[in-house]
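Q: please find the sequence and the predicted model below.
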Amino acid sequence: MHPSFSDRISKLRGSNNEGVLALVLILLIVGMSIANPTFFTLNTGFSILRSAIVPVVFALGVLIVVITGGIDVSFAAVAIFAGYSTVTFCLSLGFDPGLPGIFAMAIAIGAILGLINGVVIARFNLPTLIVTLGTQGIFFGAMYTYVGATYYAELPGSMAALATTNLLDVTTSSGRAYLHVLVVPVLLLCLFVAWVLKRTMFGRSLYAMGGDLEAARRAGFRVKTTQLWVYVSVGALASIAGVIHIVLSRSANPRDLVGGELDIIAAVVLGGASIFGGRGSVIGTVLGVILVQVIKNSLLLVGVPSAWLRTAVGVLLVIGVGIQAIAARRKSRRMRVIDDGDLNDPNAGKHSGPTSDGSTSDGSTSTEKVDA
């Protein structure tokens, strides 16, 4: 049997409206290319991809939390704490452990900070937004107090070498276009997170917790343990993003990153992740990040002041959450109508129970087992 037209449209749209988001992104790129021909160039494309590297890593962590029905606003503070502390430690001792050592140190710091979030949330059942908003200030203040606030223009040798390593470097009529090599490991990280969410029990537990926390607990999922691992994972991903940011900016500034959380959350929501939990995908999240970067780049090209960029992102976030709220209300109303129809059906429930011979009243064999 051939799939119907509506089935094909539904498949193209995607379970989290990734197809719709991709179409919007394509239309925006085409529109901006017509309005400003300099937009559709290799330079602009590579620039957008470079600017999306760090937000994509951040968004992967936020996606994991949002799927569980939570929200984390401390990831930027964790990122700069882990990255800046690692650079400060290496420079103060005068040694370079190499890229594996630097990333390992940063990930360990980020995982510990994430564990603090997880313990507080899981142990005391506190709202995730309130907890992470509080720890954001604690982590940032602790970094200034115990690590320092010195700006480092020089990085350890391995980080400095990575900062100048490009995957592609092309000279075009409009100037130099280059794509940083860090695009590759970030792409592999996206594939890994997508695999975890789709193919592992840990990923299934995240969606179960986002759908109904109590139902997930009754189904046998270890909710408290999963919450701990969720925030440890977010801390690890944030620390990776922090190191990458320092590498790309070729300097370590403790005042970076914090304050840009809205862009990441908006990208995840626009990517189809439900702010109420239980839904979201890596593909949609990556598309959401690219969409936000394209919009910001487009506004700059048409001469919109940079101060308005945050306003545009805020509007996108409100629209994304509003659409989700309307869709959830329609679904709830539809379910209520179905339930009312079942209650008004005089034949409903007449054939639901098995007879003494193990068959239902309509003649079919019951597979229901009765506990002893």
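A: Cool, the structure landed. Quick caveat: nothing in here was measured; it's all calculated off a predicted structure.

Q: show me what contacts residue 46?
A: With contacts defined as CB atoms under 8 Å, 6 or more residues apart in numbering, residue 46 is in contact with 168, 177, 178, 179. Any C-beta I mention is one placed from the backbone N, CA and C, and that applies to glycine too.

Q: low-confidence ranges in the protein?
A: In the prediction, the chain carries residues with pLDDT under 70 at positions 1-16, 324, 328, 331-332, 334-372.

Q: quick one: the strands in it?
A: 166-172, 175-180 (DSSP state E).

Q: these two touch, right, residue 81 and residue 148?
A: No. With the criterion set as CB atoms under 8 Å, residue 81 and residue 148 do not qualify as a contacting pair; they are 11.6 Å apart.

Q: neighbour-wise, which of these two wins?
A: Between residue 81 and residue 148, residue 81 has the larger neighbour count (other CB atoms under 10 Å), namely 29 against 14.

Q: would you map the helices across the stretch 101-250 of the chain?
A: 128-142, 157-163, 183-199, 201-211, 213-218, 223-249 (DSSP state H, counting those that start in this stretch).

Q: for the stretch 251-372 of the chain, same thing?
A: Remark: helices of the stretch 251-372 of the chain, listed N- to C-terminal, are 261-270, 282-301, 309-344; assignment by DSSP H, counting those that start in this stretch.

Q: the shortest one - contacts with which helices or strands?
A: Judged by 3 or more CB pairs under 8 Å, 6 or more residues apart in numbering; DSSP states H and E, helix 261-270 is in contact with helix 42-67, helix 75-93, helix 282-301, helix 309-344.

Q: show the contacting residues for residue 216.
A: Residue 216 sits next to 205, 208, 209, 223 when contact means CB under 8 Å, 6+ apart.

Q: 6 Å instead?
A: Residue 216 sits next to 208, 209, 223 when contact means CB atoms under 6 Å, 6 or more residues apart in numbering.

Q: and the last one, how far from residue 210?
A: What that stands for is residue 223. Distance, residue 223 to residue 210, by CB to CB, to the nearest Å: 11 Å.

Q: ditto for residue 300
A: As for residue 300, its distance to residue 210 is 35 Å (criterion: CB to CB).

Q: what of residue 116?
A: Computed with CB to CB, the distance linking residue 116 and residue 210 is 22 Å.

Q: which residues does residue 263 contact?
A: Contacts were defined as CB under 6 Å, 6+ apart; by that measure residue 263 touches 292, 313.

Q: repeat that with 10 Å
A: Residue 263 makes contact with 55, 58-59, 289, 292-293, 296, 309-310, 313-314, 316-317, according to CB atoms under 10 Å, 6 or more residues apart in numbering.

Q: just residue 302 next, same as before
A: Taking CB under 10 Å, 6+ apart, we find residue 302 in contact with 32, 35, 36, 39.

Q: now swap in residue 318 and tell me
A: By CB under 10 Å, 6+ apart, the residues touching residue 318 are 266, 269.

Q: more neighbours: which of residue 116 and residue 210?
A: residue 210 (22 against 18).

Q: now for the nearest residue to the more buried one once chain neighbours are set aside, how many residues are close by?
A: The shortest distance from residue 210 to any residue that is not its chain neighbour, by CB to CB, 6 or more residues apart in numbering, is 2.9 Å, and that residue is residue 277. By the other CB under 10 Å criterion, the neighbourhood of residue 277 contains 22 residues.

Q: same check on the one 4 residues further on?
A: Here the neighbour count serves as a burial measure; for residue 281 (other CB under 10 Å) it reads 21.

Q: please apply the same query to residue 152.
A: Applying other CB under 10 Å, I find that residue 152 has 17 neighbouring residues.

Q: and it, how close does it get to residue 89?
A: When CB to CB is the yardstick, residue 152 and residue 89 sit 12 Å from each other.
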